[in-house]
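J.: pasting the structure only:
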């Protein structure tokens, strides 16, 4: 496996390798488990100052993220499991790169240039997160890059019904300033649609510490996309003002989560796409959201080039996954902040397009900026 190396630090004595990047970020590669099926999955650990992120080659998954609180105490902030059977089962989307099309496509079909393409359904009349065998289930090829890791995947023409052979690349880069940059790139052999995101669940108090209903959330959006019973958007954008979806100023996630608003009663919480304010013309990431934990003081600022943000508050969690702290994850154990294009965009010409054509490039960048409030 080819790597870009910036100085050898040595080995860890456990079958892994550790190297230092250009800005002091160390990159370590080791198997997820020392033997058995888990040995085929690579775990890449990035360390910069007090911050640490680990990435799995299975699903190009952001598996763990560690950061200090206001006292300097380090905690692991992502819902995740160290049990291989859970990683392969109920936790398979936790922190994974989802695609070829993140979120939902109605009726499990798309049309491009007058040609209809039936997609593999995932139930309820939709194709969710790229189909039943989406990118979260694939083994990606990983290599070291300065201060991070690059993962590559080839998705063949017709994969889950999507046209075009797609070559995908995801970079994870960690800085000592507490910024984890996730950069996506894709090209295609034939016209297709692409929508990639990361499906991490955050709990800034630390995984297994309870729910996130007391976290403060700000979303830089004045509208959202209301959905039907299949979670498919319908009609025009709806203003958030005066609704439980108004996070234009910081307020607790749980403040209105049980409001009788018709958009909240069926899912039992938030599982909706916010329409972010206009992104910069130069294509640089701009803020989408700010998550704050008043207890620990930890903060997470999310910046992105994407037009939408899916906020999911783990409404349906029922203890199927147990994290490293030994606590089963119940409802509201974490919150997903998925930067993406809008759900079902192929059927909504009024939305920003997700089409990708030969000779073109899909590029998307999201920055997770960790910090501590005074």
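T.: On my side now, so go ahead. What you see is a predicted model; the values in this text were computed from it and never measured.

J.: So which residues of the stretch 151-300 of the chain form helices?
T.: 262-265 (DSSP state H, counting those that start in this stretch).

J.: Now do the strands in it.
T.: Taking DSSP state E, counting those that start in this stretch as the test, the strands found in the stretch 151-300 of the chain are 166-174, 179-188, 192-193, 197-198, 201-202, 216-219, 221-225, 238-239, 251-252, 271-276, 286-292, 298-304.

J.: List the buried residues in the first one.
T.: By 16 or more other Cβ atoms under 10 Å, the buried positions in strand 166-174 come out as 166, 168-174. The way it works is simple: take the backbone N, C-alpha and C, and place the C-beta from them, glycine included.

J.: just to revisit the earlier point, any chance of the strands of the stretch 151-300 of the chain in TSV, plus mean pLDDT and distance to residue 343?
T.: Putting these into TSV (pLDDT from 0 to 100; distance: least, Cβ to Cβ, whole Å) gives the following:
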stretch	mean pLDDT	distance to residue 343
strand 166-174	98	20
strand 179-188	98	18
strand 192-193	98	12
strand 197-198	98	11
strand 201-202	98	19
strand 216-219	98	16
strand 221-225	98	7
strand 238-239	98	14
strand 251-252	98	24
strand 271-276	98	6
strand 286-292	98	16
strand 298-304	98	16
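
J.: JSON lines for these, including distance to residue 118?
T.: Below are the strands of the stretch 151-300 of the chain laid out as JSON lines (distance: least, Cβ to Cβ, whole Å):
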{"stretch": "strand 166-174", "distance to residue 118": "18"}
{"stretch": "strand 179-188", "distance to residue 118": "19"}
{"stretch": "strand 192-193", "distance to residue 118": "14"}
{"stretch": "strand 197-198", "distance to residue 118": "23"}
{"stretch": "strand 201-202", "distance to residue 118": "31"}
{"stretch": "strand 216-219", "distance to residue 118": "35"}
{"stretch": "strand 221-225", "distance to residue 118": "24"}
{"stretch": "strand 238-239", "distance to residue 118": "31"}
{"stretch": "strand 251-252", "distance to residue 118": "43"}
{"stretch": "strand 271-276", "distance to residue 118": "24"}
{"stretch": "strand 286-292", "distance to residue 118": "33"}
{"stretch": "strand 298-304", "distance to residue 118": "31"}
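
J.: Looking at these, spot the one closest to residue 232.
T.: Smallest distance to residue 232 across the strands of the stretch 151-300 of the chain (Cβ to Cβ): 9.4 Å, for strand 221-225.

J.: Partner strands of that closest one and their direction?
T.: Strand pairing for strand 221-225, using DSSP bridges, gives strand 238-239 (antiparallel), strand 271-276 (antiparallel).

J.: Of all the ones you listed, which one is nearest residue 49?
T.: Checking the strands paired with strand 221-225 against residue 49 by Cβ to Cβ gives strand 271-276 as the closest, at 29.7 Å.

J.: between that closest one and strand 286-292, how big is the angle?
T.: Relative orientation of strand 271-276 and strand 286-292, computed by axes from the mean of the first three to the mean of the last three Cα atoms, to 10 degrees: 130 degrees.

J.: And the pLDDT at the closest residue to residue 352 other than its chain neighbours?
T.: Using Cβ to Cβ, 6 or more residues apart in numbering and skipping residues adjacent in sequence, the residue nearest residue 352 is residue 307, 4.8 Å away. Looking at residue 307, its pLDDT is 98.

J.: do the same with the one 10 residues further on
T.: Per-residue pLDDT puts residue 317 at 97.

J.: and it, that one's in a strand?
T.: No. Secondary structure of residue 317 (DSSP: H, G, I helix; E, B strand; the rest coil): coil, not part of a strand.
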